[in-house]
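Visitor: fold the following.
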Amino acid sequence: MLDQKTELNLRGYSIIDGKSHESSGATFHGLDPAKGAQLEPVYHFASIADLNRAADLAEEAFVAYRKLSGRERGRF
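Guide: Below you'll find the model as predicted:
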């Protein structure tokens, strides 16, 4: 259990390679179901190129990650 407060600021971007990335794809808004109102920020759909880049990076990272013990993975 975390003993510190974690704040998440939504920006509407994908995070690829540890960096915020605004896709060239279409955009959309979240919806407040109680009010039927659009929520900010605007979100960006990931493009096929974005997905391929993220998958390639994940595959590269897994080479090292799979060698970690369960305890080391838990700290990841």
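
Visitor: give me the neighbour count for Glu40.
Guide: Using other CB atoms under 10 Å, Glu40 has 9 neighbouring residues. For the C-beta atoms, the positions are set from N, CA and C on the backbone; glycine is no exception.

Visitor: mind checking pLDDT for it?
Guide: On the pLDDT scale, Glu40 is placed at 87.

Visitor: hey, C-alpha coordinates of the longest helix anywhere in the chain in CSV?
Guide: What stands out as the longest helix in the chain, according to DSSP state H, is helix 48-65. Only the C-alpha atoms of helix 48-65 are listed here, as CSV (Å, rounded to 0.1, in the frame of the first residue of the first chain):
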residue,chain,number,x,y,z
ILE,A,48,-0.4,2.9,-36.3
ALA,A,49,3.1,4.4,-36.3
ASP,A,50,2.7,5.3,-32.6
LEU,A,51,1.6,1.8,-31.7
ASN,A,52,4.4,0.2,-33.7
ARG,A,53,7.0,2.4,-32.0
ALA,A,54,5.6,1.5,-28.6
ALA,A,55,5.5,-2.2,-29.4
ASP,A,56,9.1,-2.1,-30.7
LEU,A,57,10.3,-0.3,-27.5
ALA,A,58,8.4,-2.8,-25.3
GLU,A,59,10.0,-5.7,-27.1
GLU,A,60,13.5,-4.2,-26.7
ALA,A,61,12.8,-3.6,-23.0
PHE,A,62,11.5,-7.1,-22.4
VAL,A,63,14.9,-8.6,-23.3
ALA,A,64,16.4,-7.1,-20.1
TYR,A,65,13.2,-7.2,-18.0
